[in-house]
Each structure stands twice: as structure tokens, then as C-alpha cells.
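Novice: Let me see the structure of the following:
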Amino acid sequence: MNKTELVAAIAERTELTKKDADQALKAFIDVVGDELSKGEKIQLAGFGTFEVTERAARDGINPRTKETIHIPASKAPKFKAMKSLKEKVNN
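Specialist: A predicted model of the protein is given here:
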């Protein structure tokens, strides 16, 4: 499912116009991104948790040249599904 299909599905289930559903989805994505950039965690009951994880600096290998390279520390978004979502997926 791509964004257009997701917007259409949201519009159908909520009886919103596609334009309103698109704005709601964009607002959701913006809010999640803003909160994660501040280091906050977002918990949605029955769905899951969005949070930021820290990746330590490490050395890696360039597969083309086999040369050792330094990979700097970084932050990455993470999603952990809640039990009810996992059960829905597995049924």
C-alpha cells in the first residue's frame, strides 16, 4: 500500500474527503517527526511505540575496497508494535 492508497482507505473509513484525510496523515507524520527529533517517545495504545535509539560510533568495512571506514554515532527512529497489533498481524 502506498500513500495514495492509504489516504483513500482513511477517507473511506472516516467519511472524510481525500484532501482532509491527506492533511490528517501529513499532520500525523509531521507531529511524529517533530516529537522524535526532540527525543520524545510516542505511545499509541493498541498500535505501538515510536522512539529514538542511539547508534554508537563504530568501524565498518567498505565492501568494494575492503578498506576500514569510521561510521559516526547517529540516532535512528524505531517502532515497536504492541501485543494487540502483533496478534492482529498473526491471525
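Novice: Output the contacting helices and strands for the helix or strand containing G60.
Specialist: Per DSSP states H and E, G60 falls inside strand 58-61. Judged by 3 or more C-beta pairs under 8 Å, 6 or more residues apart in numbering; DSSP states H and E, strand 58-61 is in contact with strand 68-71. Just so you know, the C-beta spots here come from the backbone N, C-alpha and C atoms, and that holds for glycine as well.
Novice: give me phi/psi at N62?
Specialist: The phi and psi values for N62, taken as degrees, to the nearest 10, are phi -70, psi 120.
Novice: OK, contacts around it?
Specialist: T68, I69 (C-beta atoms under 8 Å, 6 or more residues apart in numbering).
Novice: so how far is I71 from it?
Specialist: For N62, the distance to I71 equals 11 Å [C-beta to C-beta, to the nearest Å].
Novice: Now for L16, how many residues are close by?
Specialist: By the measure other C-beta atoms under 10 Å, the count of residues near L16 is 15.
Novice: for it, helix, strand, or coil?
Specialist: Secondary structure, DSSP: H, G, I helix; E, B strand; the rest coil: L16 is coil.
Novice: Can you give me every residue that contacts it?
Specialist: I10, A24.
Novice: For it, report the pLDDT, please.
Specialist: Listed pLDDT for L16 reads 94.
Novice: And it, its phi and psi?
Specialist: Main-chain torsions, L16, degrees, to the nearest 10: phi -90, psi 160.
Novice: Remind me which helix or strand the residue nearest the centre of the chain belongs to.
Specialist: In the chain, the centroid-proximal residue (C-alpha atoms, centre = their mean) is F79; its distance is 5.9 Å. For F79, the host element (DSSP H and E) is strand 74-81.
Novice: how does this structure divide into domains?
Specialist: What automatic domain parsing lists as the domains of the chain is 1-40, 41-91.
Novice: So which of those domains is the most surrounded?
Specialist: Each of these was assessed for mean neighbour count using mean count of other C-beta atoms under 10 Å. The highest is domain 1-40, with a mean of 12.
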